[in-house]
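Q: Need a 3D model of the following:
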Amino acid sequence: MVTAIRIERTGGPEVLDVADIDISEPGPGEVLVEVAAAGVNYIDTYQRTGIYSVPLPYVPGIEGAGRVLAVGDGVTELSVGDRVAWQGVPGGYAGRAVVPAEAAVKIPEGVSEETAAAVLLQGITAHYLTTSTHPVREGETVLVHAAAGGVGLLLIQLAKARGARVIGTVSTPEKEQLARETGADEVIRYTEQDFVAATRELTNGEGVDVVYDGVGASTYEGSLSCLRPRGLLALFGAASGPVPPIDPQRLNRGGSLFLTRPTSGDYTRTREELEWRVGELFDGLAEGRLTVRIGARYALTDARKAHEALEGRRTTGKVLLLP
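A: So this is what the prediction gives:
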């Protein structure tokens, strides 16, 4: 038996129950991992509330890192004792997790298990957004919402490394300072300014090449209004709620705009693509070109508090649960 968080009904943070559960031995193609750290992500809240449907009951958490305790039949690339990280696999909010070997990547020397758990899902998201969804080019201007959040801070760094001018939006002076220290060229406090008017002013009325928007309902209309003609809105999350249906004529009126709703699964469809993205992230961390801010650490049994803080916009950087 291991301690885990179990959800038996959808709802608010109060449905995150502490329970002792059995974790089975790994089957063919699987590994059993002792979880050192589990990432807390907005997708966990979407699943918990029922916005994203998952079979009940279940153990939440789709990202983690730890050490391999056992390997199933047919696993040849991983061994007992290896440190691994994964994303996109449920069951991370527990002391142990069974993970498909094809989803697990080895953690290199010089990268801690906490850092690996903090960077994997959000790092892959920031990587595919800046290299594939809209490959950022030298001299472009990008707008990053929630710039002091986990994905936001990584987006700033990756976009700057590709030669972009980065404008970020935040809610507080403390978050503004963090975004600027990370490399943002301009920061807009949306609680005090109209971010559309401020973005237009900062771009001499032209608009930005791309908006990276993980906020959703409260920002998407303004995000479209921040784009230059033929600009792209990458709507990769819904922290403020899901976006309602959009009339395609809105894109026409905005200047032949592009809109996409990407997800990490479609940008890691092959093992080769997963290893490329993760390899670049781990190399950046090891060489000091990329930093990951762990804004809060909670005990596994305090998962409710972690969700409350995340949804209350009281966090910066990454939130981790430590079994």
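Q: wait, what's in contact with A184?
A: Contacts for A184 (C-beta atoms under 8 Å, 6 or more residues apart in numbering) come out as 144, 147, 156, 166-168. (Each C-beta comes from the backbone N, C-alpha and C, glycine too.)
Q: For those residues, which two are the farthest from each other?
A: The distance between the two most remote of those (C-beta to C-beta) is 9.9 Å, for I156 and I167.
Q: Now do the shared contacts for those two.
A: When contacts are counted by C-beta under 8 Å, 6+ apart, I156 and I167 have 144, 184 as shared neighbours.
Q: before we move on, what SS does the residue positioned nearest the centre of the chain have?
A: Note on the chain: the residue nearest the mean C-alpha position is Q122, at 2.9 Å, using C-alpha atoms, centre = their mean. Applying DSSP: H, G, I helix; E, B strand; the rest coil to Q122 yields a three-state assignment of helix.
Q: ok, it - contacts?
A: For Q122, the contacting residues are 39, 41, 150-151, 154, 318, taking C-beta under 8 Å, 6+ apart as the criterion.
Q: If any of those are buried, give me the ChimeraX selection for them.
A: With 16 or more other C-beta atoms under 10 Å as the burial test, the buried ones among the contacts of Q122 are selected in ChimeraX as follows:
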select :39,41,150,151,154,318
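Q: Quick check: helices, which of the contacts of Q122 are part of them?
A: Helix and strand membership here follows DSSP state H; of those, those in helices are 150-151, 154.
Q: circling back: now render the contacts of Q122 as a markdown table, adding distance to P13 and pLDDT.
A: Below are the contacts of Q122 laid out as a markdown table (distance: C-beta to C-beta, whole Å; pLDDT from 0 to 100):
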| residue | distance to P13 | pLDDT |
| --- | --- | --- |
| G39 | 17 | 98 |
| N41 | 14 | 95 |
| G150 | 19 | 95 |
| V151 | 21 | 97 |
| L154 | 25 | 98 |
| K318 | 18 | 97 |
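Q: Quickly name whichever of the contacts of Q122 is closest to L300.
A: The closest of the contacts of Q122 to L300 turns out to be G39 (C-beta to C-beta; 12.4 Å).
Q: Who are the contact partners of the spatially closest residue to the closest one that is not a sequence neighbour?
A: If the residues on either side of it in the chain are set aside, G39 comes closest to E63, at 3.6 Å by C-beta to C-beta, 6 or more residues apart in numbering. Each residue near E63 by C-beta under 8 Å, 6+ apart is listed here: 38-39, 41, 85-88, 92, 117, 120-121.
Q: hang on, the earlier thing: neighbour-wise, which of I156 and I167 wins?
A: I156 (29 against 26; other C-beta atoms under 10 Å).
Q: residue contacts, that one?
A: Listed by C-beta under 8 Å, 6+ apart, the contact partners of I156 are 144, 147, 166, 168, 179, 182-184.
Q: Check L290 too.
A: Contact partners of L290, counting by C-beta under 8 Å, 6+ apart, are 123, 154, 157-158, 281, 284.
Q: change it to 7 Å
A: Contact criterion C-beta atoms under 7 Å, 6 or more residues apart in numbering gives 157, 281, 284 as the residues in contact with L290.
Q: measure the residue nearest to the centre of the chain to N204 for me?
A: In this structure, Q122 lies at 32 Å from N204, with C-beta to C-beta, to the nearest Å as the measure.
Q: circling back: now tabulate the contacts of E63 in a markdown table and tack on distance to L233.
A: Listed next are the contacts of E63 as a markdown table, based on distance: C-beta to C-beta, whole Å:
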| residue | distance to L233 |
| --- | --- |
| A38 | 31 |
| G39 | 26 |
| N41 | 21 |
| A85 | 30 |
| W86 | 30 |
| Q87 | 24 |
| G88 | 24 |
| G92 | 30 |
| A117 | 29 |
| L120 | 25 |
| L121 | 21 |
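Q: Using neighbour counts, trim the residues you listed to the buried set.
A: 38-39, 41, 85-88, 92, 117, 120-121.
Q: Which parts of the stretch 151-300 of the chain are strands?
A: Residue ranges of the strands in the stretch 151-300 of the chain, as given by DSSP state E, counting those that start in this stretch, are 165-170, 186-189, 208-213, 227-235, 258-260, 294-299.
Q: Give me the buried stretch members for the last one, please.
A: For strand 294-299, the neighbour count (16+ other C-beta under 10 Å) marks 294-296, 298 as buried.
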